[in-house]
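Undergrad: Let's see this in three dimensions:
(one chain, ligands or ions: 3)
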Amino acid sequence: MKIYKFGGASVKDAESVRNIVNIINNIDDNLVIVVSAMGKTTNALENILSLYLNENNFILELENLKKYHNKISKELFPENHEIFSIINDIFNNLQLKLSQNKESNYDKLYDSVVSFGEILSTKIVSFYLTLSQTKNSWIDIRNIFKTNNCFREGIIDFNLTQKNILKQLKFNNCRTYVTQGFIASTINNETTTLGREGSDYSASLLGYFLNAESVTIWKDVAGVLNADPRMTENTIKIDEMSYKEAIELAYFGAQVIHPKTIKPLENKQIPLYVKSFIEYKKAGTTIKKIEKNLDLTPIYIIKKNQVLISISPRDFSFIVEENLSTIFGVLAEFNIKVNLFQHSAISISFSIDNNIIKTKKLINKLQQNYIVKYNNNLELLSIRHFSEKIIKEMISNKKIYIEQKSRNTARFVLG
Ligand code: ADP
Ligand code: ASP
Ligand code: MG
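TA: Ligands and ions are numbered 1, 2, ... in the order given. Reported below is the predicted structural model:
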């Protein structure tokens, strides 16, 4: 059995949805198709929620999003197809939900709103496959993937989810399932999400629970490239990559794979293929167990919008273990991920993604006990398989705030 994941870009218009049929055409195997929201739908839903919460008129944006889904569907389905009333009902439900909302927990409301994107896309894809003679079954993954109550960043309950999978996905009745990425639910059936861009992780989890032969994520790029093609010209495709290399890249911020994707696959030694949905017959990147990485192509990862926070004790005392644990405790309390960390005798510095609300809260809290200094608008550059020549080229004319080198990776916080 195989898992195929189609991200936002691969279902952004009618032509892309038709292309899915071409891609799955030659598969003579059980298949689970995991689909993200179409195009930029999740951003649009975030915007609708923000308009609603600021008491602005969200109806126009809601209508635009509905028009977008209807336009795609008009190009795919005959006029009287049931998909149109399904789309209508989904949008009515969303509007009703917002107009009758009493939920004060923002994260919980967020998940219940943005999840509509994946419900819409999977309904459209599933009905379109049926129309194209591909028998399939639509699954609401929220009945299977169970998480804790950490809304917007749900942590999967592996035991419960494994039991649900075995009960609900039976491949003797149906050989192709279509389901949602990104979304899940609590034990009380409240919708949660796995974090933005989390559909890759959903596909990887399905691979893990179903002991799949492989997981393929279909992208608008040829595979994993040695740099973000939006920032760098003349990128090179990496043909093969070890799980270890892939997890490092994802952790450093290479946006092509969600960081949580690799672990479940590594644990069961399931290969991950990253392939182009445009040139779908071409080999992309294979991520698998490789004992010794022979491909030492330099890889560049840039994480923008970083804040570098430096903390020192007020009384010049050594920053030792107890301070470290207090500071990491505060970071965990605010659910903030540290991208780079460094310490000296009397100071600790770390770089985090700048989330205005969280950063402010963090700084206020740390200022209660420490002297806190910070710099905004920095970038974090990581170079795998670096050389001094490459470093020189990449950081010329930039102010270096922090520099770290290990055997394989050079990292810089730059102004
Ligand atoms: P999806 O449609 O699955 O959500 P994403 O947009 O999340 O796809 O990921 C694909 C995008 O990631 C590409 O369009 C590319 O611009 C970007 N990207 C960033 N870094 C890399 C990299 N190292 N290799 C390939 N793509 C990258
Ligand atoms: N639709 C979600 C997002 O845009 C999940 C995903 O695309 O992976 O973040
Ligand atoms: Mg994505």
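Undergrad: what does this structure put close to ligand 2?
TA: Proximity of the chain to ligand 2 (C-beta under 6 Å from any ligand atom) is limited to residues 7-8, 36-37, 42, 117, 181-182, 196-199. Any C-beta I mention is one placed from the backbone N, CA and C, and that applies to glycine too.
Undergrad: Now with 8 Å, please.
TA: Residues of the chain lying near ligand 2 by C-beta under 8 Å from any ligand atom: 7-8, 36-37, 40-43, 114, 117-118, 181-182, 193, 195-200, 202, 258.
Undergrad: so who does V113 touch?
TA: 45, 48-49, 94, 97-98 (C-beta atoms under 8 Å, 6 or more residues apart in numbering).
Undergrad: typo on my end, it should be I59
TA: Shown in contact with I59 (C-beta under 8 Å, 6+ apart): Q95.
Undergrad: And the pLDDT for it?
TA: Confidence at I59, expressed as pLDDT, is 95.
Undergrad: when you give positions from now on, start the count at 47
TA: In the new numbering, first residue 47, that becomes I105.
Undergrad: For it, give its distance to L144.
TA: Counting by C-beta to C-beta, to the nearest Å, the gap from I105 to L144 is 9 Å.
Undergrad: I'd like to know how far the most far-flung residue of the chain relative to its centre sits from ligand 2.
TA: Distance to the chain centre peaks in the chain at D361, reaching 42.1 Å (criterion: C-alpha atoms, centre = their mean). Going from D361 to ligand 2 by C-beta to the nearest ligand atom, to the nearest Å gives 45 Å.
Undergrad: near ligand 3 too, which of the residues of the chain next to ligand 2?
TA: Under the cut-off given by C-beta under 5 Å from the ion, ligand 3 has 53, 243 from the residues of the chain next to ligand 2 close to it.
Undergrad: and the residues of the chain next to ligand 2, which are buried?
TA: Among the residues of the chain next to ligand 2, the ones that count as buried by 16 or more other C-beta atoms under 10 Å are 53-54, 82-83, 86-88, 160, 163-164, 227-228, 239, 243-246, 248, 304.
Undergrad: Looking at the strand or helix carrying I263 now, give me its mean pLDDT.
TA: Per DSSP states H and E, I263 falls inside strand 260-265. Strand 260-265 shows a mean pLDDT of 97.
Undergrad: Quick check: nearest residue in space to D266, chain neighbours excluded?
TA: Distance criterion C-beta to C-beta, 6 or more residues apart in numbering; nearest residue to D266, sequence neighbours excluded, is A55 at 4.3 Å.
Undergrad: How about A273?
TA: Nearest one to A273, counting by C-beta to C-beta, 6+ apart, is Y346 at 4.3 Å.
Undergrad: what helix or strand is that neighbour on?
TA: With DSSP H and E as the test, Y346 turns up in strand 345-359.
Undergrad: So W184 lies in a strand, does it not?
TA: Yes - applying DSSP: H, G, I helix; E, B strand; the rest coil, one finds W184 inside a strand.
Undergrad: Could I get the contacting residues of it?
TA: The contact partners of W184, by C-beta under 8 Å, 6+ apart, come to 168-169, 172, 223-225.
Undergrad: try 10 Å
TA: 165, 168-169, 171-173, 175-176, 223-226 (C-beta atoms under 10 Å, 6 or more residues apart in numbering).
Undergrad: and if you look at D153?
TA: For D153, the contacting residues are 195-199, 238-239, 381, by C-beta under 10 Å, 6+ apart.
Undergrad: Which pLDDT value goes with it?
TA: D153 carries a pLDDT value of 94.
Undergrad: what helix or strand is it on?
TA: helix 152-160.
Undergrad: Quick check: what element follows that helix along the chain?
TA: Next element after helix 152-160 (DSSP H and E): helix 162-177.
Undergrad: still on that earlier bit, joint contacts of I105 and L144?
TA: Common neighbours of I105 and L144 (C-beta under 10 Å, 6+ apart) are 94, 97-98.
Undergrad: quick one: buried residues of the helix or strand of the chain with the lowest mean pLDDT?
TA: Least confident helix or strand of the chain, by mean pLDDT, DSSP states H and E, is helix 367-379 with a mean of 86. Residues 369, 373, 376-377 are the ones in helix 367-379 that count as buried (16+ other C-beta under 10 Å).
Undergrad: interface residues of the stretch 247-396 of the chain facing ligand 1?
TA: Applying C-beta under 8 Å from any ligand atom, we find that the stretch 247-396 of the chain lies next to ligand 1 at 263-276, 281, 295, 300-304, 320, 345, 347.
Undergrad: circling back to that earlier point, hmm, the strand holding I263 in reach of ligand 3?
TA: No - using C-beta under 5 Å from the ion, we find that strand 260-265 stays clear of ligand 3, coming within 8.5 Å at best.
Undergrad: What strands flank that strand, and is each parallel or antiparallel?
TA: Strand pairing for strand 260-265, determined by DSSP bridges: strand 48-52 (parallel), strand 318-322 (parallel).
Undergrad: Could you see whether ligand 1 lies near the first one?
TA: Okay, so that is strand 48-52. Yes - if you take C-beta under 8 Å from any ligand atom as the test, strand 48-52 does meet ligand 1, through 51-52.
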